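> Show me how the following folds:
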Amino acid sequence: MTQKTNKRDLLADVRNGVNLKLDEKIKLVLALSFPAIMAQISTIIMEYIDASMVGSLGANASAAIGVVSSTTWLVGSLCTSMGIGFTVGIAHRVGANEDEDARRYVKTGLLTVLSFSFLLMTLAVLVHKALPGWMGADESIIKDASLYFLYFGLTLPLMQINYTGAGMLECSGNMKVPSILNVAMCFLDVLFNAFFIYPTREIALTWPVSVNFTMPGAGLGVAGAAIGTMCAEACGAVATLIFLLVVSDKLHLRKHEHKLLNKEEWFGALKISLPVMLSSAVMGSAYVVSTKIVSPLGKIAISANSFAITAESLCYMPGYGISHAATTLVGQAKGAKRRELEFSFAHLAIAIGMILMAGTSVLMFIFAPEMIGIMSPVQEIRELGTKILRIEAFAEIMFGASIVTEGVFRGMGRTKISTALNLISMWLVRLPLSAFAASRYGLTGVWYVMCLELCFRGLIFLISLYWIQKKGR
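Numbering: from 1, shown residues only. Have a look, this model is predicted:
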């Protein structure tokens, strides 16, 4: 067989039953992973931007975002999860060379997820005032925290378009465009935040030339961070829809194609999405409970916990990028009815993910002070954040195994397994032990428990994949 170097050629080989050599499989995993990794990293950089810009306003501003951050993750993960069934359906249909059916998944999926996001937006608006109090926030940060969550809630439909649209493009084999759009949104987030967070001020530059100028600003503080992100997400949503519905060679809408998914197909997509949503609810609500466990430890602990989670996510987002590639490759191999290739891609993706996250864990341990220091000028926050971040470095390899294996399960359409494993790991291991550790050992105890739980989670995900493969023989 002629050696293929083009990613799109190799994907066509997957769909058309051509045998791939090991080096070609590795090239395909890496080719699809790299843009997805960059997209994931740029998303986290947006969180870094918000955290560092708000962190410069002091501990109260940092704590205001930190106290609602677990709830924003919960709601955001529900948005991400709702589109999974439709993106996996696209991967299966593209893998089977049924592009017209894939486009029906695009139309029906967008209508479904947008309806869902407007429902979540309404709920967020209704609870935004009460939420910080429910989370045990100090009176001094309740106003800023509720305003931040309000604007976050209003952004949800835009985020939903970006999440689902990017997933649809990725599962069709286009990883590059979502990556570029995420990087662009990151750049726009910097510009919008610089305007909305800070008041009008004088800026003095000394390089490359010495110049003074007036920088206009709205001076909205914590709320400005959420508004800046909203504006960046809006730009991204418009661009995503254009690439998905107009430019994409496989998924763009055709005038003569008017059909949506039938009832059975729609419920089939939801049968994949709902377990993922349940898993997200299990994980997200566990993070909310974790925040309630940490909240009584004070504003320094809340801020250090929030910043350390953001810093850590920069290290494990490459795992999520590979997980997205695994979903695409395993999904297309399944659509092509190539079981052996499914598991070959699964094993390669997991191995690459664990190796990559071994490297990022070393970097996280070494540069923990700088990673936390970027986000806060408060010395107590920096010291505590550095300590707990270094504890977590020892869990990253097994965390990577669970992340990528979950992407493999999604590509297979076996999303119920991930839900069950996450439920066991978070609610039966992490939360009970965290509650015990927090009262006796403070925030460091909570993070030692987190490290232990992530190692356990990776192990049970790997065992489950082995069991599925062995059972199918």
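> so where is the stretch 51-200 of the chain shaky, pLDDT-wise?
Within the stretch 51-200 of the chain, the stretches with pLDDT under 70 are 51.
> Can you list the residue ranges for helices in it?
Here the stretch 51-200 of the chain has its helices, by DSSP state H, counting those that start in this stretch, at 59-82, 84-95, 99-127, 131-134, 142-171, 176-196.
> helices or strands up against the last one?
If I follow you right, that is helix 176-196. helix 22-55, helix 142-171, strand 211-218, helix 222-242 (3 or more CB pairs under 8 Å, 6 or more residues apart in numbering; DSSP states H and E). For the C-beta atoms, the positions are set from N, CA and C on the backbone; glycine is no exception.
> Let's have these in CSV, adding mean neighbour count.
Formatted as CSV, the helices and strands packed on helix 176-196 follow (neighbours: other CB atoms under 10 Å):
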stretch, mean neighbour count
helix 22-55, 21
helix 142-171, 25
strand 211-218, 11
helix 222-242, 21
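> what about residue 424, which helix or strand?
helix 415-425 (DSSP states H and E).
> what's the angle between that helix and helix 84-95?
Put simply, helix 415-425 runs at 140 degrees to helix 84-95, going by axes from the mean of the first three to the mean of the last three CA atoms, to 10 degrees.
> what about helix 415-425, distance to the chain center?
18 Å (CA atoms, centre = their mean, to the nearest Å).
> just checking, what packs against the next helix or strand after it?
As assigned by DSSP H and E, the chain's next helix or strand after helix 415-425 is helix 431-471. When contacts are defined as 3+ CB pairs under 8 Å, 6+ apart, helix 431-471 packs onto helix 263-294, helix 299-335, helix 339-373, helix 379-392, helix 396-412, helix 415-425.
> For burial, what's the neighbour tally of residue 61?
Counted with other CB atoms under 10 Å, residues neighbouring residue 61 total 23.
> That one is in contact with residue 53, isn't it?
No - using CB atoms under 8 Å, residue 61 makes no contact with residue 53, being 9.4 Å away.
> Tell me which helix or strand residue 203 sits in.
strand 199-205.
> Residue 186 is nearest to which of the helices and strands packed on helix 176-196?
In terms of CB to CB, the element of the helices and strands packed on helix 176-196 nearest to residue 186 is helix 22-55, at 4.4 Å.
> so how far is residue 305 from residue 27?
40 Å (CB to CB, to the nearest Å).
> And the contacts of the helix holding residue 424?
For helix 415-425, contacts defined as CB atoms under 8 Å, 6 or more residues apart in numbering pick out 84, 272-273, 275-276, 278-279, 282-283, 402, 406, 409-410, 453, 456-457, 460-461, 464, 468.
> contacting residues for the residue of the chain most remote from its centre?
Seen from the C-alpha centroid of the chain, the residue lying at the greatest distance (CA atoms, centre = their mean) is residue 210, 40.3 Å away. Residue 210 sits next to residue 204 when contact means CB under 8 Å, 6+ apart.
> just the one 10 residues further on next, same as before
Taking CB under 8 Å, 6+ apart, we find residue 220 in contact with 196-197, 227.
> Same check on residue 261?
When contacts are taken as CB under 8 Å, 6+ apart, residue 261 is in contact with 104-105, 108, 269.
> Can you lay out these as a markdown table showing distance to residue 311 and neighbour count?
Shown next, in a markdown table, are these (distance: CB to CB, whole Å; neighbours: other CB atoms under 10 Å):
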| residue | distance to residue 311 | neighbour count |
| --- | --- | --- |
| 104 | 42 | 22 |
| 105 | 36 | 27 |
| 108 | 39 | 19 |
| 269 | 35 | 23 |
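> nearest to residue 336, of these?
residue 105 (16.8 Å).
> Spatially, what comes nearest to residue 121 if we skip its sequence neighbours?
residue 156 (4.5 Å; CB to CB, 6 or more residues apart in numbering).
> hang on, the earlier thing: now the two most distant members of the contacts of residue 261.
Using CB to CB, these reach their maximum pairwise distance at 104 and 269, which is 10.4 Å.
> Near residue 88, how many residues? Count them for me, please.
29.
> Likewise for residue 277?
22.
> let's have the chain start at 386 instead
Noted, 386 is the first residue going forward, which turns the last one into residue 662.
> residues contacting it?
463, 466-467.
> can you check residue 617 too?
Counting by CB under 8 Å, 6+ apart, residue 617 touches 431, 570-571, 573-574, 577.
> between these, which is closest to residue 498?
The nearest member of the contacts of residue 617 to residue 498, counting by CB to CB, is residue 570 at 18.5 Å.
> quick one: that closest one and residue 621 touch, right?
Yes - at 4.3 Å, residue 570 and residue 621 qualify as touching, with contact defined as CB under 8 Å.
> shared neighbours, the two?
In contact with both residue 570 and residue 621: residue 547, using CB under 8 Å, 6+ apart.
> and the strand holding residue 588, what does it pack onto?
Short answer (3+ CB pairs under 8 Å, 6+ apart): strand 584-590 packs on strand 596-603.
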